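> Quick check, what structure comes out for this input:
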Amino acid sequence: MLIKLTKHEFLSCARIAFPSYVIVLVLAAVGRFLTWLTSRQYILDNIPDTFVKIMQVLSSLLSVLYVVVFMSLLILTLFMMVYRFYKNYFTDEGYLMLTLPTGTPSLVLSKLCNSWIWIICSAVVAAISLWITLGHYEDVTSTFGELFKSIGDLIDRERDFLEEELGVPLWVFGAEIVVFIFAYITNFMLS
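Down below sits the predicted model:
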């Protein structure tokens, strides 16, 4: 019954989430294309100045629109979780939901599983859209590469000290952090 509840909840949320994901990814791709066009000097030299200004204005507007839609994607995910909990338990739909031949833990667990699925999907779409938007900038990619490399070097250099201070192996501490983040987000969703 839990799988059926989760499936129906997933399909209900997909009607809102998938179009918003497509919009974010399309805006990222179009914005990257316009940025690419406006950064090519040989293209700018061969077209009229009016068209160049129009492309630059469109590129700026799409950048602003992308940031607004990107932020609203994250807010939409939170709103969708809260709205589905509310709608399924406190409206007329809640009357039908609570009369299903299943226990309350299954109902709440289906909502929780669905919320986690959409949080993960939103994070993946956000990462893909950021990669589409910023992936062609060598400075950004080299900065992230250097950041991850320096963090790895720091951990390698200070591993013994960290394990002595923490009292556990470093991988156990990392697993504890992951479990803590999971528990915190789960607590946020349930409250």
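
> tell me the mean pLDDT for the helix or strand that residue 4 is a member of?
Counting by DSSP states H and E, the element that carries residue 4 is helix 2-39. Per-residue pLDDT over helix 2-39 has a mean of 85.

> Could you pull out the buried residues of it?
Within helix 2-39, the residues scored as buried using 16 or more other CB atoms under 10 Å are 5-6, 9-10, 12-13, 16-17, 20-21, 23-24, 27-28, 30-32, 34-35, 37-38. Placement of C-beta: from N, CA and C, glycine included.

> which is the next helix or strand following that helix?
Next along from helix 2-39, by DSSP H and E: helix 41-45.

> ok, and what's touching that following helix?
37, 38, 52 (CB atoms under 8 Å, 6 or more residues apart in numbering).

> Next, report how far the very next helix or strand once past it is displaced from the centre of its chain.
Sequence order places helix 49-90 as the next helix or strand after helix 41-45, per DSSP H and E. Centroid separation for helix 49-90 versus its chain: 12 Å, with CA atoms, centre = their mean, to the nearest Å.

> angle of helix 49-90 against helix 2-39?
Helix 49-90 runs at 170 degrees relative to helix 2-39, counting by axes from the mean of the first three to the mean of the last three CA atoms, to 10 degrees.

> moving C-terminal of helix 49-90, what's the next helix or strand?
Next along the chain after helix 49-90, taking DSSP H and E as the criterion, comes helix 92-98.

> on that earlier part again, relative to residue 110, which of the contacts of helix 41-45 is nearest.
For the contacts of helix 41-45, the minimum distance to residue 110 (CB to CB) is 46.5 Å, reached by residue 37.

> quick one: the closest one and residue 54 touch, right?
No - if you go by CB atoms under 8 Å, residue 37 and residue 54 don't touch, sitting 11.0 Å apart.

> residues near residue 97, how many?
19 (other CB atoms under 10 Å).

> Tell me how far the nearest residue to it once chain neighbours are set aside lies from residue 12.
Distances taken as CB to CB, 6 or more residues apart in numbering put residue 88 closest to residue 97, at 5.0 Å, once the chain neighbours are dropped. Note on residue 88: its distance to residue 12, by CB to CB, to the nearest Å, is 9 Å.

> quick one, what contacts the residue nearest to residue 97?
By CB under 8 Å, 6+ apart, the neighbours of residue 88 are 9, 94, 97, 107, 111.

> okay, residue 166: pLDDT?
Looking at residue 166, the pLDDT reads 77.

> oh, I was asking about residue 148
84.

> Now do the helix or strand containing it: which elements does it pack against?
Residue 148 belongs to helix 138-166 when assigned by DSSP H and E. With contacts taken as 3 or more CB pairs under 8 Å, 6 or more residues apart in numbering; DSSP states H and E, helix 138-166 sits against helix 170-190.
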